[in-house]
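[1] could you work out the structure for the sequence below:
(one chain, ligands or ions: 1)
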Amino acid sequence: MRMAEVEVRLKRTLVAHRIFKSYKETLMEEKCGVFGIKSKVDKPLAQTVYYGLYALQHRGQESAGIVVNYDREFYSHKDLGLVSDVFSQETLEKLPEGNIAIGHVRYGTTGGTLRVNCQPIEVHHHKGNLALAHNGNLSNAKKLHKNLEASGAIFHTTSDTEIIAYLITQHRLKEKSIEDAVSKAMNDIEGAYSLVISSPTKMIAVRDPHGFRPLCYGITPDGDHVIASETCALYAVGAQWVKDLEPGEMLVFEEDGVISRKEHCNTKPKRTCIFEYIYFARPDSKIDGISVHRSRLLLGKLLAKASPVEADIVIGVPDSGLDAALGYSAESGIPYGIGLIKNKYIGRTFISPGQEDRTDKVKIKLSPIRSEIEGRRVVLIDDSIVRGTTMRRIVQMLRDAGAVEVHVKSSAPPFLHPCFYGTDIDSEENLIACHYSIEEICRLIGADTLSYLPLEALKEISGREDFCAACFDGSYPTDI
Ligand code: SF4
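    Sure, this is the predicted structure:
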């Protein structure tokens, strides 16, 4: 295709993809974090959950919430915003001491940014209360929603988490225990779900049978049981990691201890989201025993092997490109440097006061260190390229800072398919690799060269193949 045609298509695509969306909107966003704690005695557990949610803030910035179970009654506080916006010392102190507390940070993938969608959600039925925090998306949500509505259900939220709550409640009316009801609901739902549930007397943690999203269990020096999306949140509250839940496993925390139920284990192939390792999770976390930081280093090394280039410096896009950049440098021998600085104080909720200056948002968030860039051939590593809009601006920023060459490398393969399991890449329309060849994308983002991690290299993260990589290879683990 001639350059002029590429430029015309670019212009159309820029409009179609609304390229001038905010910086936040050009990134693939993490999708929800859950946290729960069960103690033998009543304690100020809301504070502990607060610290846990703080450690999980990277998984969702739209809303935060905590539900405390005191003497079988639920007390909650939840709202739109970051954990630090939603909770103050005063709001935390207003929540009573209790023996179970669960919390949630949300980035809405279905349902939109509405206060009513804040989690944990609470439902009341004639056998008691239920509070539920969910990370993931159901791939059969529409069908279930329709069936439930046809049977008389009235939904108060637009989130698929309420579907899970409804199903558990329906089964609870017939089953002898809450864990039996949860187990039955797991037969109905498909897709990604890591759940933390509080009943009047029990805390229950569940990981879906494919294990799409992470979920781990730890114990504090006081003997309190802690559940979290990532190990970084266990350590933030002083808990020691005990195990990651197996796909399909349910842990039931009750007065007498912990029971592991595995009736859903091994009923489906394990398919943990590979993008947790590439981007979603915090580098200091381990998922299923695999270090996220080390995975990213390895991806950088594999990228260097697959696409060598002559250059003077390797830099990463902060924060999630830094580890892969280190790996690329170690393998290639090209010195690693800090070439871009991120404004730590801008936060994810930054909004522009005007419409016209949207292109400046990347500049406000990131700035180049001219002394490291000027006159140099730069290898620029990012974790992935979704729409290409942010990368285009960063490349221009480096050129403006005096880079003589910019070689862009993605530590993920090209996104060619939407995700239905709890991320916001829900349409091929938004994926630049669906519309252009690598050569064309390279021109569109203004780089000298562009390379992606080869698909086969992903398997090297653990030497296994039990990952979901559907957004790269189109092989969906469930019916869509
Ligand atoms: S489709 Fe991609 S982002 Fe979605 S769960 Fe699978 S690997 Fe993760």
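
[2] how close does residue 41 get to residue 221?
    Separation of residue 41 from residue 221 (Cβ to Cβ, to the nearest Å) stands at 15 Å. (Each C-beta comes from the backbone N, C-alpha and C, glycine too.)

[3] residues from this protein in reach of the ligand?
    For the chain, the residues in contact with the ligand (Cβ under 6 Å from any ligand atom) are 212, 273, 274, 275, 419, 421, 423, 468, 469, 470, 471.

[4] with respect to pLDDT, which of these ranks lowest?
    Looking at the residues of the chain next to the ligand by pLDDT, the weakest one is residue 423, with 80.

[5] residue ranges with poor pLDDT in this structure?
    Where the chain drops to pLDDT under 70, the residues are 1-30, 108-113, 346-360, 426, 464.

[6] what's the longest strand in it?
    Criterion DSSP state E: the longest strand present in the chain is strand 33-43.

[7] distance from that strand to the middle of the chain?
    From the chain centre to the centre of strand 33-43 is a distance of 22 Å (Cα atoms, centre = their mean, to the nearest Å).

[8] list the helices and strands the first helix or strand past it going along the chain packs on?
    Sequence-wise, the next helix or strand downstream of strand 33-43 (DSSP states H and E) is helix 45-55. Under the contact definition 3 or more Cβ pairs under 8 Å, 6 or more residues apart in numbering; DSSP states H and E, helix 45-55 sits against strand 33-43, strand 63-70, helix 83-86, helix 89-94, strand 98-106, strand 225-228, helix 231-236.

[9] nearest to residue 286, out of those?
    Across those, residue 286 has its closest neighbour in helix 231-236 (5.1 Å, Cβ to Cβ).

[10] what about the strands in the stretch 101-250 of the chain?
    Under the criterion DSSP state E, counting those that start in this stretch, the stretch 101-250 of the chain contains strands at 121-125, 128-135, 194-198, 203-207, 216-219, 225-228, 240-244, 250-254.

[11] next up, the contacts around residue 186.
    For residue 186, the contact set (Cβ atoms under 8 Å, 6 or more residues apart in numbering) comprises 206, 208, 209, 248, 250, 264.

[12] which one of the residues you listed sits closest to the ligand?
    Using Cβ to the nearest ligand atom, residue 208 is the member of the contacts of residue 186 that sits closest to the ligand, with 11.0 Å.

[13] surely the closest one and residue 248 touch.
    Yes: using Cβ atoms under 8 Å, residue 208 is in contact with residue 248, at 7.1 Å.

[14] between these two, who's got more neighbours?
    Set side by side, residue 208 and residue 248 show more neighbours around residue 208, with 28 against 21, by other Cβ atoms under 10 Å.

[15] and the more buried one, how close does it get to residue 307?
    35 Å.

[16] re the thing from before, switch the helices and strands packed on helix 45-55 over to JSON lines; also include mean neighbour count.
    Formatted as JSON lines, the helices and strands packed on helix 45-55 follow (neighbours: other Cβ atoms under 10 Å):
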{"stretch": "strand 33-43", "mean neighbour count": "23"}
{"stretch": "strand 63-70", "mean neighbour count": "26"}
{"stretch": "helix 83-86", "mean neighbour count": "18"}
{"stretch": "helix 89-94", "mean neighbour count": "11"}
{"stretch": "strand 98-106", "mean neighbour count": "30"}
{"stretch": "strand 225-228", "mean neighbour count": "28"}
{"stretch": "helix 231-236", "mean neighbour count": "23"}
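
[17] residue 115: which of the ones you listed is closest?
    That would be strand 63-70 among the helices and strands packed on helix 45-55, by Cβ to Cβ, at 7.6 Å.

[18] after the closest one, which helix or strand is next?
    strand 73-80.

[19] what helices or strands is that following strand leaning on?
    Counting contacts by 3+ Cβ pairs under 8 Å, 6+ apart, strand 73-80 packs against strand 63-70, helix 83-86, strand 128-135.

[20] list the buried residues for that strand?
    Within strand 73-80, the residues that count as buried by 16 or more other Cβ atoms under 10 Å are 74, 75, 76, 77, 78, 80.

[21] for the nearest residue to residue 101 once chain neighbours are set aside, give its distance to the ligand.
    In this structure, residue 101 finds its nearest non-sequential neighbour in residue 45, 3.7 Å apart by Cβ to Cβ, 6 or more residues apart in numbering. To the ligand, residue 45 is 31 Å away according to Cβ to the nearest ligand atom, to the nearest Å.

[22] check whether residue 59 really touches residue 280, as I assumed.
    Yes: applying Cβ under 8 Å, one finds residue 59 in contact with residue 280, separated by 6.9 Å.

[23] tell me the bridge partners for residue 250.
    Residue 250 has the following beta-bridge partners by DSSP bridges: residue 206, residue 261.

[24] touching, it and residue 204? I think so.
    Yes: at 6.4 Å, residue 250 and residue 204 qualify as touching, with contact defined as Cβ under 8 Å.

[25] list the contacts for the closest residue to the ligand within the stretch 151-300 of the chain?
    Scanning the stretch 151-300 of the chain for the residue nearest the ligand gives residue 273, at 3.2 Å (criterion: Cβ to the nearest ligand atom). Going by Cβ under 8 Å, 6+ apart, residue 273 touches 192, 212, 213, 280, 421, 422, 467, 468.

[26] do that again at 6 Å, thanks
    212, 468 (Cβ atoms under 6 Å, 6 or more residues apart in numbering).

[27] now render the residues of the chain next to the ligand as JSON lines, adding secondary structure.
    Output for the residues of the chain next to the ligand, formatted as JSON lines (DSSP: H, G, I helix; E, B strand; the rest coil):
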{"residue": "212", "secondary structure": "coil"}
{"residue": "273", "secondary structure": "strand"}
{"residue": "274", "secondary structure": "helix"}
{"residue": "275", "secondary structure": "helix"}
{"residue": "419", "secondary structure": "coil"}
{"residue": "421", "secondary structure": "coil"}
{"residue": "423", "secondary structure": "coil"}
{"residue": "468", "secondary structure": "strand"}
{"residue": "469", "secondary structure": "coil"}
{"residue": "470", "secondary structure": "helix"}
{"residue": "471", "secondary structure": "helix"}
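
[28] that's all I had, so thanks and see you.
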